[in-house]
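Here you go, sequence then predicted model.
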Amino acid sequence: MMLYLRLFWEFFKTGLFAVGGGMATLPFLYDMSAKTGWFSPAQLADMIAVSESTPGPIGVNMATYVGFSTAGIPGAVLATLGLVTPSVIIILLIARVLHAFRQNRYVDAAFYGLRPCSVGLIAAAGLLVVRIALFDVELFHSTGAFLDLLRPKALLLAALLLVLTNAVKATKKLHPIVFILASAVLGVLLSF
Amino acid sequence: MKTLLQLFAAFARVGVMTFGGGYAMIPILEREIVDRHGWATSEELMDYYAVGQCTPGVIAVNTATFVGYSVAGVPGGIMATLGVVFPSVVIITVIAGILTNFADLPSVKSAFAAIRVCVCVLIFNAVMKLWKKAVPDKATLVLFLLVFLLSVFLDLSPIVFVVLCAVAGIVLTRMGVRGK
């Protein structure tokens, strides 16, 4: 019972403070992973991939996934409800005063500071995934050899994906699911 | 009652057809909300979406609550929200249940090791895209760097950064450094 309440509460806080869409929940989930130990950062990276490749808003998908892996189906439902409850409350309050809210100069000024904050937090969370996916910190610590720190196949794949998603006209507009599936196939073929 | 069920069904369809959320959702919202049901005009929908972006939480959920409330009051807001999350809960629960059983297979491990690399690139691209709107001047660049470095090196809750940066945004605007 305590676990269910805690899940709801943790996601309630995420929904209340994550500003800027689904990806903005990411730093909160990494914080949750560190504080509760419900899931590891590597598991979280896998959940992001699944959430991006399945229908539904990514923030909601991640909440459902974390909730399910922590406490089964009730966990999935409670985490999701926790995430959306603050949204519902805030929007219902704002809906009555929509015009005043959009034009309020304090709201506008707060968001001037919140937007770079959100990007900074997402970038820092991204760095945690980079550490797991592209580098092998544990192997480096046990051998001390610098080359053991790098995962060469992963670095090559990252470079290839960066080019395909940004520089190649024919592929850069493709949906992320295409790149996720292609990576999965390459991972199996080249035994990552 | 009929309207509430229609709201639930319409937003469940939006939920199923949205991959990843964000801008991909707009054409689907248009079709369900403006064309099919006439619950809002395109302009109203853009307003809801704009407010959904600048309030806390998932944009799709915020927009759903907004449209639902304007159509059928508080119960409408709640039904639309439940509708938009319903497909996620079902689909993710099924997939997570299946994946848990196969997570230890070597080929599944290899696949996810490579998928994580892809996730890095996707997050990087998301940051670059958000960057353009979020960091228009020197003051926001400083805020970005402070938040990034402090959250990498210190074990602080993201809530601390969010609260401090909202205050900083107001202070900086009042100091008149915005846009410089």
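Noted; the coordinates are in hand.

Would you tell me whether the host helix or strand of B:Ile115 gets close to chain A?
According to DSSP states H and E, B:Ile115 maps onto helix B:106-134. Yes: Helix B:106-134 is in contact with chain A by Cβ under 8 Å from any Cβ of the partner chain, via B:106-107, B:110-127, B:130-131, B:133-134. Every residue, glycine included, has its C-beta placed from N, CA and C.

From those, list the buried ones, please.
Burial by neighbour count, judged by 16 or more other Cβ atoms under 10 Å in any protein chain shown, picks out B:110-127, B:130-131, B:134 from the residues of helix B:106-134 next to chain A.

Regarding chain B, what is its longest helix?
Ranked by residue count under DSSP state H, the longest helix found in chain B is helix B:59-102.

Tell me how far that one lies from the chain's centre.
Taking Cα atoms, centre = their mean, to the nearest Å, the mean C-alpha location of helix B:59-102 is offset from the chain mean by 12 Å.

Next, the angle from it to helix B:106-134.
Following axes from the mean of the first three to the mean of the last three Cα atoms, to 10 degrees, one obtains 160 degrees for the angle between helix B:59-102 and helix B:106-134.

Lowest mean pLDDT among the helices and strands, pick that one out for chain A.
Every helix and strand of chain A was ranked by mean pLDDT, DSSP states H and E. The lowest is helix A:98-103, at a mean of 77.

Does anything pack onto that helix? Which helices or strands?
Judged by 3 or more Cβ pairs under 8 Å, 6 or more residues apart in numbering or on different chains; DSSP states H and E, helix A:98-103 is in contact with helix B:42-53.

If you count contacts, what does the helix it packs on end up packed against?
helix A:58-95, helix A:98-103, helix B:26-29, helix B:59-102.

does any bit of the first one sit next to chain B?
Yes: part of helix A:58-95 sits close enough to chain B to count as contact by Cβ under 8 Å from any Cβ, namely A:58-61, A:64-65, A:68-69, A:73, A:76-77, A:80, A:83-84, A:86-88, A:90-92, A:94-95.

Among the residues you listed, name the buried ones.
For the residues of helix A:58-95 next to chain B, a burial check counting by 16+ other Cβ under 10 Å picks out A:58-61, A:64-65, A:68-69, A:76-77, A:80, A:83-84, A:86-88, A:90-92, A:94-95.

how far away is B:Glu43 from B:Val34?
Separation of B:Glu43 from B:Val34 (Cβ to Cβ, to the nearest Å): 10 Å.

Since that was my last question, I'll sign off now.
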